[in-house]
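Need a 3D model of the sequence below.
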Amino acid sequence: MKRFFIQFFLLLVAVLASKGEVRTRDVVIGGTPDSFSSVKPIDIQSASSSAMLRYGDIIKYNIGVDEKIKRIAFKGYNPGSEQTRHVKLSINCNNWTGYTVVFDGDCVIPHGGTADDCIELLSIELDEPFAIYYYYLDIQVESTGEPSDAPVFFELCNYTAVATITVETETASFTGTVTDQDGLPIQRAKVTLSGQLDSYDAETDDVGRFTVTAENSKQNFQVRVTAKGHAPYVGDKAFALVEGKVLQPKKTSEDFTLYGRLSFYKDKRATIILPEAPNTEWGRYYQPKDRRGRDTIIFERVWTPQADTPYVIFPEYDFEVDLDNYEQPGAPGKIVIPWPHGIGDDSVPYISLCGSYENRKIPNVGGYMWLLDSTSDCESNGPYDVRVGGYRAYLVGASTDKPVFCFEGETSHVSSPYTLESVDKSSFDLQGRRLYAAPTKGIYIKGGRKQVVH
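Next up, the predicted model:
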């Protein structure tokens, strides 16, 4: 029985530890110009007044979706006496649900403040926290009471009032490990979560573990992982650290692999882009030259490869490129190489060979995308779903899903970008690894074709 209670206590501690801390923060927002004639500033000098305040796209840069408003306050100055007003406050954050009354009660308008030194005149604690789940906010303020003995002035911004909004948010953590391609931990790798409102980061410890704590978790994040001597990794999709009505799916942990070297094998087609000119002795370099019809793409030999330029390479021998020898380039993640390295005209769709210094999912902006590598750091699930490895390249833009790639001077070509091929007729397994012994039973690739060994 004692053991049971100990296990239960440890489980309870773990559950509580995984839950984020609920806290509040103040956000100051100013209104945006609006064409609606109903938008007007706060005026509580008369016995009865009504104001409609509109806050536009600025909301999404200040308040996270699914954060909850707990308080709304307005600053200004009141040269007259203190007064009590009955205030009814309603909020609408989309056009479909209409206004929701969030406060209906008395508020005290204090005396004090000047035009140069405003004080908080109207502070409204909502009866229940109001969840924001759209990108603008309309606030209706209605007040009644005795007319004031002097004007009351509120801070104004483009016909609406400047508001301090207290929102309820929640802390949350994102955990995981960072290892290299050999499975060894990477120390001091930087993991960054970038959201609509804030960015948070952390470094890995001696065993490659990290914990990124987001003080404001009510937003969608994109992850990026970097480490010296390794290709940066950029996550596929945005995600959230907590559940919410309009947040992306929740994810609180992930393990990452960074590549610190590029592997090349004799005559096995691959791609490369480097911040320095690649060694001409490494292999035979190619770039797109022409097309035949809509399906066949011709590549020509490049005898003097340049820095920051993507190429298809047929290695002369097995070798590796250690990325620790290169400074992380400041160039953008994707480098599009224009004419003459891209080809096309009005009658034939344009294509281009593109390079990336990051391991990242390539966004589909129209047209097909193909990988020209069969390496483990590149992945394709079809012509619209491609992840390219860092310091690698891909082809984009043509209008056929079954292209034929021809390389001038080579003895073979490949009829599909997803078929592994080799010029020297060596055998490879289905993961693209060269076999140095006679293949046993199974399915292999030889000369660009599948081969079954019984």
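
And the residue nearest the centre of the chain?
The central residue of the chain, meaning the one whose C-alpha is nearest the mean C-alpha position (Cα atoms, centre = their mean), is Gln222 at 3.1 Å.

wait, Tyr200 sits on Val191?
No. With the criterion set as Cβ atoms under 8 Å, Tyr200 and Val191 do not qualify as a contacting pair; they are 9.1 Å apart. Placement of C-beta: from N, CA and C, glycine included.

shared neighbours of the two, anything?
When contacts are counted by Cβ atoms under 8 Å, 6 or more residues apart in numbering, Tyr200 and Val191 have Val212 as shared neighbours.

Output the below-cut-off pLDDT ranges for the stretch 1-150 of the chain.
Counting by pLDDT under 70, the ranges of the stretch 1-150 of the chain that qualify are 1-20, 31-38, 57-61, 94-97, 134-135.

so where does the residue nearest to Ser46 when sequence neighbours are not counted fall, helix or strand?
With Cβ to Cβ, 6 or more residues apart in numbering as the measure, Pro147 is the residue that lies nearest to Ser46, at 5.8 Å, once sequence neighbours are left out. Using DSSP states H and E, Pro147 is not contained in any helix or strand.

Tell me how many other residues crowd Pro147.
11 (other Cβ atoms under 10 Å).

what's the answer for Pro151, then?
Pro151 has 12 neighbouring residues, counting by other Cβ under 10 Å.

ok, now which ones touch the residue lying closest to it once chain neighbours are set aside?
Of all residues beyond its chain neighbours, the one nearest Pro151 is Gln45 (5.4 Å), with distances taken as Cβ to Cβ, 6+ apart. With contacts defined as Cβ under 8 Å, 6+ apart, Gln45 is in contact with Pro147, Ser148, Pro151, Val152.

Gln45 - that's part of a helix, no?
No. The assignment for Gln45, made by DSSP: H, G, I helix; E, B strand; the rest coil, is coil rather than a helix.

Against Glu276, how distant is it?
Taking Cβ to Cβ, to the nearest Å as the measure, Gln45 falls 71 Å from Glu276.

for Lys289, same thing?
24 Å.

between those two, who's got more neighbours?
Counting neighbours by other Cβ under 10 Å for Lys289 and for Glu276 shows that Lys289 has the greater number, 17 against 13.

Where does the more buried one sit: helix, strand or coil?
strand.

Check Gln187 too.
Here Gln187 is coil, with the state taken from three-state DSSP.

isn't it right up against Asp206?
Yes. Using Cβ under 8 Å, Gln187 and Asp206 qualify as a contacting pair, with a distance of 5.7 Å.

higher neighbour count, those two?
When neighbours are counted by other Cβ under 10 Å, Gln187 comes out ahead of the other of Gln187 and Asp206, with 13 against 8.

ok, the more buried one - contacts?
By Cβ under 8 Å, 6+ apart, the residues touching Gln187 are Thr204, Asp205, Asp206, Gly208.

and if we set it to 6 Å?
In this structure, Gln187 makes contact with Thr204, Asp206, judged by Cβ atoms under 6 Å, 6 or more residues apart in numbering.

Just the pLDDT at it, thanks.
Residue-level confidence at Gln187 comes out at 96, pLDDT.

Which elements pack onto the helix or strand harbouring Val225?
When secondary structure is defined by DSSP H and E, Val225 falls within strand 221-226. Where contact means 3 or more Cβ pairs under 6 Å, 6 or more residues apart in numbering; DSSP states H and E, strand 221-226 is packed against strand 190-195.

Do I have it right that Cys157 meets Ile29?
No. With contact taken as Cβ atoms under 6 Å, Cys157 and Ile29 are classed as non-touching, separated by 8.7 Å.

Which one of Tyr200 and Val191 is surrounded by more residues?
When Tyr200 is set against Val191 and neighbours are counted by other Cβ under 10 Å, the residue ahead is Val191, at 25 against 20.

contacting residues for the closest residue to Leu184 other than its chain neighbours?
In space, and not counting its chain neighbours, Leu184 is closest to Gly208: 8.0 Å by Cβ to Cβ, 6+ apart. By Cβ under 6 Å, 6+ apart, the residues touching Gly208 are Thr177, Val178, Thr179, Pro185, Ile186.

ok, Gly208 to Gln187 distance?
Note on Gly208: its distance to Gln187, by Cβ to Cβ, is 7 Å.

same question, Gly113
Distance of Gly113 to Gln187, given as Cβ to Cβ: 54 Å.

Same check on Val225?
Val225 sits 13 Å away from Gln187, taking Cβ to Cβ as the criterion.

repeat for Val28
As judged by Cβ to Cβ, Val28 and Gln187 stand 40 Å apart.

Also Thr271?
The separation that Thr271 has from Gln187, given Cβ to Cβ, amounts to 30 Å.

Please apply the same query to Asp236.
25 Å.

Same question for Glu408.
From Glu408 over to Gln187 the distance is 46 Å, taken as Cβ to Cβ.
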